[in-house]
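A.B. asks: Sequence plus the predicted model coming up.
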Amino acid sequence: MSNYTDIIASCQGKKGGIIEAFHAIQEQYNYIPEEALKEAAKHFGIPEAQAYGVATFYSYLSVEKRGRYIIRMCESAPCHVAGADELLKEMESILGIKVGETTADGKFTLELTECIGQCQATPVITINSEPHFDVNKAKLAEILASCK
Ligand code: FES
């Protein structure tokens with residue numbers, strides 16, 4: 001029995017159960033590991049290729065390994081004007097990764113996002129969907145340090 005068995009079993013028999021299972025797995029692991037994909041395919045009685053197809057069809061699901069903390073930099077115009085680019089460079093330099101990558105220790109993944117509707121406090125980043133406002137270099141260092 002793997003770590004995913006309970007999650008997958010709890011979604012069995014439901015309409016769209018495999019999608020629900022993938023959501024729950026991603027919520028816990030921040031991505032859908034290959035082992036979970038295989039197990040889901042077996043449980044839901046579909047070929048692995050089809051399970052993979054489901055997991056890659058939805059942009060909010062990821063089959064790529066991602067960090068415990070997913071940092072997203074807003075790249076829409078108001079944040080851009082407020083210095084998002086410079087902040088992004090700072091993050092890349094501190095973490096030693098580029099956008100779309102994950103740190104070797106599996107802690108951080110860096111991604112971009114469109115406006116999240118908080119343009120009154122630009123630039124904005126989110127960490128595991130929690131927004132941080134008016135981020136500057138000093139604040140960024142504090143935020144990253146708080147990620148244990
Ligand atoms: S443009 Fe960044 S939150 Fe709106």
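C.D. replies: Structure received. Source: prediction; values computed, not measured. Numbering: from 1, shown residues only.
A.B. asks: Quick check: the gap between His80 and the ligand.
C.D. replies: According to CB to the nearest ligand atom, to the nearest Å, His80 stands 7 Å off from the ligand. Where C-beta positions appear, they are placed from N, C-alpha and C, glycine not excepted.
A.B. asks: can you pull the buried residues of whatever helix or strand that residue lives in?
C.D. replies: Assessed by DSSP states H and E, His80 sits inside helix 77-81. Residues 78-79 are the ones in helix 77-81 that count as buried (16 or more other CB atoms under 10 Å).
A.B. asks: isn't Ile32 right up against Ser62?
C.D. replies: Yes: contact criterion CB atoms under 8 Å: Ile32 and Ser62 qualify, at 6.8 Å.
A.B. asks: and for the two, which residues touch both?
C.D. replies: Common contact partners of Ile32 and Ser62 (CB atoms under 8 Å, 6 or more residues apart in numbering): Gln26.
A.B. asks: Of the two, give the one with the bigger neighbour count.
C.D. replies: For the pair Ile32 and Ser62, the greater number of neighbours falls to Ile32 (26 against 19), based on other CB atoms under 10 Å.
A.B. asks: what's the helix or strand for the more buried one?
C.D. replies: Applying DSSP H and E, one finds Ile32 in no helix or strand.
A.B. asks: Would you quantify the distance from it to the ligand?
C.D. replies: Applying CB to the nearest ligand atom, the value for Ile32 to the ligand is 28 Å.
A.B. asks: Now stretch 119-139 - C-alpha only, CSV.
C.D. replies: Presented in CSV, the C-alpha positions along stretch 119-139 are these (Å, rounded to 0.1, in the frame of the first residue of the first chain):
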residue,chain,number,x,y,z
CYS,A,119,-3.1,45.4,-7.7
GLN,A,120,-3.5,48.0,-4.9
ALA,A,121,-0.4,46.5,-3.3
THR,A,122,2.0,45.7,-6.1
PRO,A,123,4.3,43.9,-6.6
VAL,A,124,2.6,40.8,-5.4
ILE,A,125,3.9,37.3,-4.9
THR,A,126,2.0,34.2,-3.6
ILE,A,127,3.5,31.4,-1.7
ASN,A,128,1.4,28.2,-1.8
SER,A,129,-1.5,30.5,-2.9
GLU,A,130,-1.1,32.9,0.1
PRO,A,131,-0.5,36.5,-1.2
HIS,A,132,2.2,38.8,0.0
PHE,A,133,1.9,42.5,-0.8
ASP,A,134,4.2,45.4,-1.6
VAL,A,135,7.1,43.0,-1.8
ASN,A,136,10.6,44.5,-2.0
LYS,A,137,14.0,42.9,-1.6
ALA,A,138,14.1,43.2,2.2
LYS,A,139,10.5,41.8,2.6
